[in-house]
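Colleague: Coordinates for the following, if possible.
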Amino acid sequence: MKSYLLASFLILLHEVYAEDDFEESRIRRQVNSLPLVYPYGGTYKLVTGFSAPIPNSDNIPINFVVSFQYQYVQYANISELSRYYVIKEVSREERDADLVVRRDERLVFYQSAIDTLDSKGFNGEQCVYRALCEAAQHPVEDDGLFGEVIHILLTPDFGRTDFDEDPQWKEILEPYIDASVAGRQMYNCAFLYNKCPDGEGILEFISVLNEK
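Modeller: You can find the predicted model right below:
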């Protein structure tokens with residue numbers, strides 16, 4: 001009987017320690033690295049884009065350039081990070097909410113491209129759809145770093161799987177995903193999106209398709 005009670009006590013003690021270790025491990029996962037504060041201010045800037053030469057009969061060097069600039073302001077005061085120190089209040093739900101906010105970043109990129117093309121007199125929406133269709137039809141992810149970047153940007157559902165259930169996300173990006181699916185199924189992209197005629201396609205500005 002004494003042996004049984006001793007064994008039960010040891011098992012219970014082990015479970016208590018295991019639970020404490022799990023709780024400590026969970027809290028450690030929520031602790032981020034110490035932040036850097038820039039009292040005099042600071043800005044991270046990311047500039048990306050592409051340039052393509054425009055052929056002309058006068059042999060004048062003319063380039064078509066499209067660039068996208070992203071700026072991230074650094075923290076200038078530690079008070080801006082006050083919630084950082086409330087470790088136990090950083091819940092899984094808050095982290096999931098942060099992911100939900102970031103899920104629309106690709107949509108922001110597409111809408112920026114549409115607005116830019118519209119301002120230049122193109123049919124921005126149709127040309128973006130056509131670019132997504134053609135990028136899926138002729139993938140370039142194996143063509144070096146630039147090809148990988150183009151593939152990620154022009155693949156609306158990149159990084160997602162069939163197990164990611166998010167009806168709202170699918171509804172928002174549905175026309176973009178449909179364009180990509182049409183390309184994978186080898187539909188005629190120029191015919192589907194004929195309001196973006198030959199010569200005005202986004203990929204035509206930066207690449208030449210060679211049939212092999």
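Colleague: Tell me, what's the model's pLDDT at the spatially closest residue to residue 154 that is not a sequence neighbour?
Modeller: Among residues not flanking residue 154 along the chain, residue 135 sits closest, at 3.7 Å (C-beta to C-beta, 6 or more residues apart in numbering). Quick note: C-beta positions are derived from backbone N, CA and C, even for glycine. On pLDDT, residue 135 comes in at 91.
Colleague: Return the list of helices and strands in contact with whichever strand or helix holds residue 135.
Modeller: Taking DSSP states H and E as the definition, residue 135 sits inside helix 124-137. In terms of contacts (3 or more C-beta pairs under 8 Å, 6 or more residues apart in numbering; DSSP states H and E), helix 124-137 is packed against helix 105-119, helix 174-184, helix 189-192, helix 202-206.
Colleague: after it comes which helix or strand?
Modeller: Moving toward the C-terminus from helix 124-137, the next helix or strand (DSSP H and E) is helix 144-153.
Colleague: got the angle for that next one vs helix 124-137?
Modeller: Angle between the axes of helix 144-153 and helix 124-137 is 120 degrees (criterion: axes from the mean of the first three to the mean of the last three C-alpha atoms, to 10 degrees).
Colleague: could you dump helix 144-153 to PDB, C-alpha only?
Modeller: Output in PDB follows, covering the C-alpha atoms of helix 144-153 (Å, rounded to 0.1, in the frame of the first residue of the first chain):
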ATOM      1  CA  GLY A 144      16.800  32.600 -60.800                       C
ATOM      2  CA  LEU A 145      16.000  35.100 -58.000                       C
ATOM      3  CA  PHE A 146      14.100  37.500 -60.200                       C
ATOM      4  CA  GLY A 147      12.000  34.600 -61.600                       C
ATOM      5  CA  GLU A 148      11.200  33.500 -58.000                       C
ATOM      6  CA  VAL A 149      10.100  37.000 -57.000                       C
ATOM      7  CA  ILE A 150       7.900  37.300 -60.000                       C
ATOM      8  CA  HIS A 151       6.400  33.900 -59.400                       C
ATOM      9  CA  ILE A 152       5.500  34.700 -55.800                       C
ATOM     10  CA  LEU A 153       4.000  38.100 -56.600                       C
END
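Colleague: List the buried residues in it.
Modeller: 150, 151, 153 (16 or more other C-beta atoms under 10 Å).
Colleague: Please verify my assumption that the last one contacts residue 107.
Modeller: No: using C-beta atoms under 8 Å, residue 153 is not in contact with residue 107, being 11.8 Å away.
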